[in-house]
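Student: Take this sequence and fold it.
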Amino acid sequence: QVQLVESGGGLAQAGDSLRLSCAASGRPLSTTKMGWFRRAPGKEREFVASIRWTGPYIYYAESVKGRFTISGDNAKLTVALQMNSLKPEDTAIYYCALGSRSEWHTWGQGTQVTVSS
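Tutor: I've put the predicted structure just below:
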């Protein structure tokens, strides 16, 4: 059974930087991509960024483009999210995810990021 473990969340002030990391234990049968999602208080979970190993192809939500950078290692099944110029609206629980071509099938437990103004 594959598990994802995130680390690196915490408290920050607006304009600060944080780096999130995620590592997978075990090797799933199908792994095409890894990514990050977040859930802000009172809101639905939303996509933040992903990296598809073939290519690689990298995607970002419009709200984080130019501020966040995703990187990863297919061989090690790790993914990181460098978050710069943080804003209070980035406050959320951030989840690492692992997916096949058609779905996200494995999720981490989440790590809290809180940004104060």
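Student: quick one, what contacts Phe47?
Tutor: Phe47 is in contact with 35, 37, 59, 61, counting by CB atoms under 8 Å, 6 or more residues apart in numbering. (Glycine included, C-beta is placed from N, CA and C.)
Student: What of Ala12?
Tutor: Counting by CB under 8 Å, 6+ apart, Ala12 touches 18, 86, 113-116.
Student: Does the spatially most central residue of the chain lie in a helix or a strand, and which?
Tutor: Note on the chain: the residue nearest the mean C-alpha position is Trp36, at 2.3 Å, using CA atoms, centre = their mean. Here Trp36 sits within strand 33-39, counting by DSSP states H and E.
Student: low pLDDT regions in this protein?
Tutor: For the chain, the stretches flagged by pLDDT under 70 are 29.
Student: So in terms of bridging, what pairs with the closest residue to Gly72 other than its chain neighbours?
Tutor: Leaving aside its sequence neighbours, Gly72 sits nearest to Val79 (CB to CB, 6 or more residues apart in numbering; 3.9 Å). As for beta bridges, Val79 partners with Cys22, Gly72 under DSSP bridges.
Student: what about Val79, how many residues close to it?
Tutor: 27 (other CB atoms under 10 Å).
Student: hey, where'd the strands end up in the protein?
Tutor: When assigned using DSSP state E, the strands of the chain occupy the ranges 3-7, 10-13, 18-25, 33-39, 45-52, 57-60, 68-73, 78-83, 92-99, 104-107, 111-116.
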